[in-house]
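A.B. asks: Have a look at this fold, sequence not included:
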Ligand code: AP5
């Protein structure tokens, strides 16, 4: 397989699973991470992007697709994991042109109440996107990234009211992506696996690994 994808609500654990797969040679294509990096530049476009992120709103499709196209063309021939892309039908319709049609989609399923509670404990390393949790995945040393030693931060969009806005957008625009993948399933070989995202991180990863090894 050369492209796989994780689909699931905010906080379902897409980032945690992608990070584990990275060790076996996959490259993560996270549009959330690309957008946070673009926002950090603080140029005119970056400031606009930061406003979308802070409101939990979807960034315009063209801006997201431009970032994806640049990222993919900078690293030809790698095995991609799509994290957070596509999020709309318009983005999904461009997967073929971007050479990013996934061979397998992992769908992480978690109830909204658990998401709001779980995201309250998240910390990240802004530069790499590595994810931690106060209870479920604490760093080796409190408050710092395991690899770089950089201080961990809370994401600006992990406030309860913004989480609820992100969840609403997920249900309205991104969950319907499942229909898209079920529709295209007949057109080319595409595997779909549903995973219980309330399970322990390592158990979810064992399920993912078993599918990829089969
Ligand atoms: P993005 O960064 O993609 O955020 P998201 O989809 O909301 O997903 P999250 O990163 O919040 O959650 P996750 O599923 O990766 O969970 P994680 O592994 O961190 O997007 C951010 C914003 O960018 C969007 O709101 C939008 O504005 C914009 N955007 C992005 N892509 C876009 C696009 N394509 N088009 C338009 N706009 C776009 O886990 C969460 C926490 O739980 C962590 O602390 C983790 O340690 C813990 N955890 C994970 N799994 C488990 C488990 N099984 N048990 C216990 N704890 C767990």
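C.D. replies: Everything's here; your move. Because the structure is a prediction, the values reported are computed rather than measured.
A.B. asks: What parts of the chain come near the ligand?
C.D. replies: 8, 10-16, 31-32, 35, 52-53, 56-59, 64, 84-85, 87, 91, 118-119, 121-122, 131-133, 136-137, 157, 166, 197, 199-201, 204 (Cβ under 6 Å from any ligand atom). C-beta: built from backbone N, CA, C; applies to glycine.
A.B. asks: buried subset of these?
C.D. replies: 8, 10-16, 31-32, 35, 52-53, 56, 58-59, 64, 84-85, 87, 91, 118-119, 121-122, 131-133, 137, 157, 166, 197, 201, 204 (16 or more other Cβ atoms under 10 Å).
A.B. asks: and the residues you listed, which of them are in strands?
C.D. replies: 122, 131-133 (DSSP state E).
A.B. asks: Just send these back as TSV, with pLDDT too.
C.D. replies: TSV is the format used below for these (pLDDT from 0 to 100):
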residue	pLDDT
122	95
131	95
132	96
133	95
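A.B. asks: Using a markdown table, lay out those together with distance to residue 1.
C.D. replies: Shown next, in a markdown table, are those (distance: Cβ to Cβ, whole Å):
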| residue | distance to residue 1 |
| --- | --- |
| 122 | 29 |
| 131 | 23 |
| 132 | 28 |
| 133 | 28 |
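A.B. asks: now, which of those residues sits nearest residue 180?
C.D. replies: Nearest to residue 180 among these: residue 131, at 26.5 Å, using Cβ to Cβ.
A.B. asks: for whichever helix or strand residue 210 is part of, which positions count as buried?
C.D. replies: With secondary structure defined by DSSP states H and E, residue 210 is part of helix 201-213. Buried residues in helix 201-213, counting neighbours by 16+ other Cβ under 10 Å, are found at 201, 204-205, 207-208, 212.
A.B. asks: Can you tell me, leaving aside adjacent residues, what's nearest to the closest residue to the ligand within the chain?
C.D. replies: Going by Cβ to the nearest ligand atom, the ligand is nearest to residue 32 of the chain, at 1.8 Å. In space, and not counting its chain neighbours, residue 32 is closest to residue 84: 4.7 Å by Cβ to Cβ, 6 or more residues apart in numbering.
A.B. asks: List the residues that contact the one you found.
C.D. replies: Shown in contact with residue 84 (Cβ atoms under 8 Å, 6 or more residues apart in numbering): 14, 30-32.
A.B. asks: Now for the residues you listed: which two are most distant?
C.D. replies: 14 and 31 (11.0 Å).
A.B. asks: Now list whatever residues contact both of these two.
C.D. replies: Going by Cβ under 8 Å, 6+ apart, residues that sit against residue 14 and also against residue 31 are 83-84.
A.B. asks: Which members of the residues of the chain next to the ligand occur in helices, if any?
C.D. replies: If you go by DSSP state H, the residues of the chain next to the ligand have 14-16, 31-32, 35, 52-53, 64, 91, 118-119, 166, 201, 204 in helices.
A.B. asks: Tell me which helix or strand the residue nearest to residue 99 when sequence neighbours are not counted sits in.
C.D. replies: Nearest non-adjacent residue to residue 99, counting by Cβ to Cβ, 6+ apart: residue 72, 7.1 Å away. Using DSSP H and E, residue 72 sits within helix 61-74.
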